[in-house]
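In: no sequence for this one, just the structure:
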């Protein structure tokens, strides 16, 4: 039985946004974060001539989505890669431009549901948090080895945590007594470090710290910063990009990247658009779209989603 957490967010809206590009024609879509394959399954079903390139850094996600999408046969190519490696992945498949790109950012429901991955603060588990568990350092490594000033920076920048100083002071004292290994001990520390008044109004006291650690471990913002221009550069004329973000730092980065390419580069005051200086993108959403109350009730993960979309209408100036 499918749990609410496994329902793809804003699925109908995503199908609607891609319909003008995929209907009744051969087209290529990159799902840059295929996860469990829910969005991709629906798009492949809705558009029978669509070919999918399914990327994910998590081998377990590729395995699960491979099972789900097997019914679509050779219309799907799976690639184990972080999404900033999209141009290399496409080149390996003999593709230079694609007609659609979908990003569903953040931690997947599968990663949250598997306690041993360490993403969920509601379950005592190893402090791992790697989206690709085959490589890189863990959240425990960050807590146990980073200088206090670096821990403070991570919590403030990536977690937007007001009580970073109090938390880091407690972490440093505790790790000298015994290194951190499991999430339960960290959650207890956070309950003690975050004032009760903030706990009553600001949600779970571990939410922001866990977000910050996850972003640091996976280099999420740096990867996204590289991935956006690389992905938009792979979009064919008339192609569309749809991006779902779940926290403000990512959404701000997406908003800025799309807005920059939606501006004319012709100097102000000229009466006509200079050739090659027009906007590269047309924004398809007015601001960021959110899920309605009905969807949030059916699927709580949709509560924080911010969706933005754009269409390529011009080429970059040479």
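Out: Right, received. Where do you want to start? Since the structure is predicted, the reported quantities are computational estimates derived from the model, not experimental observations.

In: For the stretch 151-300 of the chain, which segments count as helices?
Out: Per DSSP state H, counting those that start in this stretch, the stretch 151-300 of the chain carries helices over the ranges 164-177, 183-193, 196-201, 207-218, 220-233, 248-261, 293-298.

In: Can you say which of the ones you listed is packed in most?
Out: helix 207-218 (a mean of 23; mean count of other Cβ atoms under 10 Å). Using the backbone N, CA and C atoms, a C-beta is placed for each residue, glycine as well.

In: Now the helices of the stretch 151-300 of the chain in JSON lines, please, with extra columns for distance to residue 125 and mean pLDDT.
Out: Shown next, in JSON lines, are the helices of the stretch 151-300 of the chain (distance: least, Cβ to Cβ, whole Å; pLDDT from 0 to 100):
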{"stretch": "helix 164-177", "distance to residue 125": "18", "mean pLDDT": "96"}
{"stretch": "helix 183-193", "distance to residue 125": "5", "mean pLDDT": "92"}
{"stretch": "helix 196-201", "distance to residue 125": "22", "mean pLDDT": "64"}
{"stretch": "helix 207-218", "distance to residue 125": "11", "mean pLDDT": "92"}
{"stretch": "helix 220-233", "distance to residue 125": "20", "mean pLDDT": "91"}
{"stretch": "helix 248-261", "distance to residue 125": "24", "mean pLDDT": "94"}
{"stretch": "helix 293-298", "distance to residue 125": "27", "mean pLDDT": "94"}
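
In: closest one to residue 14 among the ones you listed?
Out: helix 293-298 (12.3 Å; Cβ to Cβ).

In: right, and the helix or strand after that closest one?
Out: Once helix 293-298 ends, the next helix or strand along the chain (criterion: DSSP states H and E) is strand 306-312.

In: Okay, angle between that following strand and helix 248-261 too, please.
Out: 20 degrees (axes from the mean of the first three to the mean of the last three Cα atoms, to 10 degrees).

In: Export the helices of the stretch 151-300 of the chain as TSV, with columns for distance to residue 70.
Out: Shown next, in TSV, are these (distance: least, Cβ to Cβ, whole Å):
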stretch	distance to residue 70
helix 164-177	45
helix 183-193	34
helix 196-201	45
helix 207-218	28
helix 220-233	26
helix 248-261	31
helix 293-298	27
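
In: beta partners of residue 100?
Out: Taking DSSP bridges, one obtains residue 29, residue 240 as the residues bridged to residue 100.

In: on that earlier part again, quick one, which of the helices of the stretch 151-300 of the chain gets closest to residue 72.
Out: helix 220-233 (22.5 Å).

In: picking up where we left off before, of all the helices of the stretch 151-300 of the chain, which lies closest to residue 75?
Out: Of the helices of the stretch 151-300 of the chain, nearest to residue 75 by Cβ to Cβ is helix 220-233, at 20.8 Å.

In: Who are the packing partners of the closest one?
Out: helix 86-92, strand 98-104, helix 248-261 (3 or more Cβ pairs under 8 Å, 6 or more residues apart in numbering; DSSP states H and E).

In: can you redo those as JSON lines with distance to residue 312?
Out: Listed next are the helices and strands packed on helix 220-233 as JSON lines, based on distance: least, Cβ to Cβ, whole Å:
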{"stretch": "helix 86-92", "distance to residue 312": "15"}
{"stretch": "strand 98-104", "distance to residue 312": "10"}
{"stretch": "helix 248-261", "distance to residue 312": "9"}
